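J.: I would like the atomic coordinates for the input below:
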Amino acid sequence: MKLQQLRYIVEVARQGLNVSDAAEALYTSQPGVSKQIKLLENELGVTIFERSGKRFTGITEPGHAILEGAERILREAENLKRLGKDHASGDSGALVLAVTHNQARYVLPTIIQTFVAHYPRVELALRQGTPAQIAEWVENGGADIGIATEGLDDKPGLVTLPVRQWHYCVIAPTGHPILKIRHLALSSLVRWPLIVTDSIGINAAFQRQELEPQIALTALDADVIKTYVALGLGLGIIADFAFDPTRDTGLVNIAAAHLFESNTTRLGLRRGVFLRRFEYDFIQLFAPHLDRHAVERTLQGGGESYQL
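T.: Predicted structure coming up:
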């Protein structure tokens, strides 16, 4: 039995039983993957994948158990590598952060600046994406740490920790009629076109009051929303931390915490992963309340052990 064979069966399952996609993801050939899976099945004496001709069509009952075991073995093998690197060269390595644009643009710059000063030998990479992409990357090992508001709790292979709460705000061009309204309500917002993120929380707020907003444009990040608000295409709804009065001249921030539920930025980690020292240090820079003990308790317990 070889670790590479375990990687093959796990990747085939991850790719929806598509051997071609698994081979492409593993930078190898489809016949090679099929051959090694067959050799593994022969060695174990059981069939892992159901077949129709040359196609995999399902996972057998023993196959499910074998896949769970393979994932566990691969995870521990990766942890051993990380443990060795941590002791051999604790202040060097690679750290991949999967984050939303808003986090990368408005929250992380000073934190990363401090981290790089402390760990100049760590190669840092940012992967920006949607919450769903971020969760997928972290769960599959494409990123070490994920930072997002939504989506991380949906992955069974992740554990999450709360970082901070934030609210939405409404932004409008200087001189917009909405600025004359003393007490902003959702019923006021539906009078104008809106430029928003594709957020469950925003949609739910309007639905609860049986209101139909005029969505003029949907965008993933606050910079794009602010650009189109400044052009007069509508009012924007963005995270409050993404508004900077010194830079966002010509725009006005209207508090909207009373209109939409608060949101919690979360940090996501692969379940059972061994974290290197510089990863713990990055986490504490990003979330000072999350010391090493709090993170370890969460990883060992398999769930969120810290509440804001």
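J.: Okay, and the residue nearest to the spatial centre of the chain sits in which element?
T.: By C-alpha atoms, centre = their mean, the mean C-alpha position of the chain lies nearest to residue 134, the distance being 2.8 Å. Using DSSP states H and E, residue 134 sits within helix 131-139.
J.: What is that helix packed up against?
T.: Secondary-structure packing of helix 131-139 (3 or more C-beta pairs under 8 Å, 6 or more residues apart in numbering; DSSP states H and E): strand 92-99, strand 145-148, strand 158-166, strand 263-270. From N, CA and C alone the C-beta is placed, and that goes for glycine too.
J.: highest average neighbour count across those strands?
T.: Per-stretch averages of neighbours, counted by mean count of other C-beta atoms under 10 Å, single out strand 145-148 among the helices and strands packed on helix 131-139, with a mean of 26.
J.: Can you spell out which helices and strands pack onto it?
T.: Applying 3+ C-beta pairs under 8 Å, 6+ apart, one finds that strand 145-148 contacts strand 92-99, helix 131-139, strand 263-270, helix 277-286.
J.: Could I get the CA-only coordinates of it as PDB?
T.: Backbone C-alpha positions of strand 145-148 (Å, rounded to 0.1, in the frame of the first residue of the first chain) are rendered in PDB as follows:
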ATOM      1  CA  ILE A 145      -6.300  29.400   6.800                       C
ATOM      2  CA  GLY A 146      -9.600  30.700   5.500                       C
ATOM      3  CA  ILE A 147     -11.200  34.000   6.500                       C
ATOM      4  CA  ALA A 148     -14.800  34.700   5.500                       C
END
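J.: coming back round to it: how close does the residue nearest to the centre of the chain get to residue 276?
T.: 20 Å (C-beta to C-beta, to the nearest Å).
J.: export the helices and strands packed on helix 131-139 to TSV and tack on distance to residue 47 and mean pLDDT?
T.: Shown next, in TSV, are the helices and strands packed on helix 131-139 (distance: least, C-beta to C-beta, whole Å; pLDDT from 0 to 100):
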stretch	distance to residue 47	mean pLDDT
strand 92-99	36	92
strand 145-148	35	95
strand 158-166	30	93
strand 263-270	29	94
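J.: Could you save those as a markdown table and add columns showing distance to residue 9?
T.: Shown next, in a markdown table, are the helices and strands packed on helix 131-139 (distance: least, C-beta to C-beta, whole Å):
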| stretch | distance to residue 9 |
| --- | --- |
| strand 92-99 | 25 |
| strand 145-148 | 25 |
| strand 158-166 | 21 |
| strand 263-270 | 19 |
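J.: Nearest to residue 5 among those strands would be which one?
T.: Closest to residue 5 of those, according to C-beta to C-beta: strand 263-270, at 21.5 Å.
J.: what does the closest one contact?
T.: Residues from elsewhere that reach strand 263-270 (C-beta atoms under 8 Å, 6 or more residues apart in numbering): 75, 103, 107, 134-135, 138-139, 141, 144-149, 152-153, 155, 157-168, 201, 239, 275, 283, 286-287, 290, 295, 298-299, 308.
J.: Try it again at 6 Å.
T.: Applying C-beta atoms under 6 Å, 6 or more residues apart in numbering, the external contacts of strand 263-270 come out as 138, 146-147, 149, 152, 158-166.
J.: How are the strands of the stretch 201-308 of the chain distributed by residue range?
T.: 214-218, 235-239, 251-255, 263-270 (DSSP state E, counting those that start in this stretch).
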